[in-house]
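Participant: Just a sequence and a predicted model for now, questions to come.
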Amino acid sequence: DDSHLLEQREIKEYYSQLSAAVRRYLDGEVYDHALESTTNELIAYLEAERDRGKLKLENTTISKLKIILERADLAKFANTKPDVFTAKEDRASVENVIKDTKASIPQPTEEELLADQEYRERLERKRKVKKIIFGILAVVLLI
């Protein structure tokens with residue numbers, strides 16, 4: 001919002017940043033290959049996750065995202081220039097897509113939370129053992 005790219009008619013850069021923002025969010029929360037996947041691969045993954053019941057996304061949300069990412073691809077690679085009004089609408093739509101996606105991600109079950117806690121505890125124990133071993137080795141080397 002603070003970039004002023006639309007006022008400067010930097011449509012290509014605007015869409016680059018817009019698509020990067022939504023892909024970064026999806027990469028961190030939904031699909032860890034969202035940044036390097038094509039638009040079609042990303043949309044196919046989201047649809048597959050929806051069909052498996054892992055994401056409760058509406059068809060309209062996925063369709064909006066697809067349209068915006070395709071428009072961004074055209075702006076970035078084919079030098080098309082959507083009008084400023086469309087770009088502002090796409091910005092608002094991306095925000096709604098992110099909100100819808102965030103709401104559709106299921107909360108972790110108690111079993112998953114416990115498994116995660118156990119995993120962190122095992123890592124912490126391993127770190128402590130390593131520290132003890134390195135401490136003993138340092139003392140032996142000093143002696």
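Facilitator: Sure thing, it's come through. Residues are numbered from 1 along each chain as shown.
Participant: Distance from the lowest-mean-pLDDT helix or strand in the chain to the middle of the chain?
Facilitator: Of all helical and strand segments in the chain, the minimum by mean pLDDT, DSSP states H and E falls on helix 110-142, at a mean of 85. Centroid separation for helix 110-142 versus its chain: 30 Å, with CA atoms, centre = their mean, to the nearest Å.
Participant: Give me the buried positions along it.
Facilitator: Across helix 110-142, burial judged by 16 or more other CB atoms under 10 Å covers no residue at all. Backbone N, C-alpha and C define where each C-beta goes, glycine included.
Participant: Could you check how far K130 is from E124?
Facilitator: Relative to E124, K130 is positioned 11 Å away (CB to CB, to the nearest Å).
Participant: show me where this structure has strands.
Facilitator: Here the chain has no strands by DSSP state E.
Participant: all helices for it, in order.
Facilitator: Taking DSSP state H as the criterion, the chain carries its helices at 11-29, 39-52, 59-77, 84-104, 110-142.
Participant: How about the contacts made by the residue lying closest to K66 once chain neighbours are set aside?
Facilitator: Closest residue to K66 apart from its sequence neighbours, by CB to CB, 6 or more residues apart in numbering: I43 at 4.8 Å. When contacts are counted by CB atoms under 8 Å, 6 or more residues apart in numbering, I43 touches 62, 65-66, 69.
Participant: Tabulate those (a markdown table), appending neighbour count, pLDDT and distance to A78.
Facilitator: A markdown table is the format used below for the contacts of I43 (neighbours: other CB atoms under 10 Å; pLDDT from 0 to 100; distance: CB to CB, whole Å):
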| residue | neighbour count | pLDDT | distance to A78 |
| --- | --- | --- | --- |
| I62 | 20 | 93 | 23 |
| L65 | 25 | 93 | 19 |
| K66 | 17 | 95 | 17 |
| L69 | 23 | 94 | 14 |
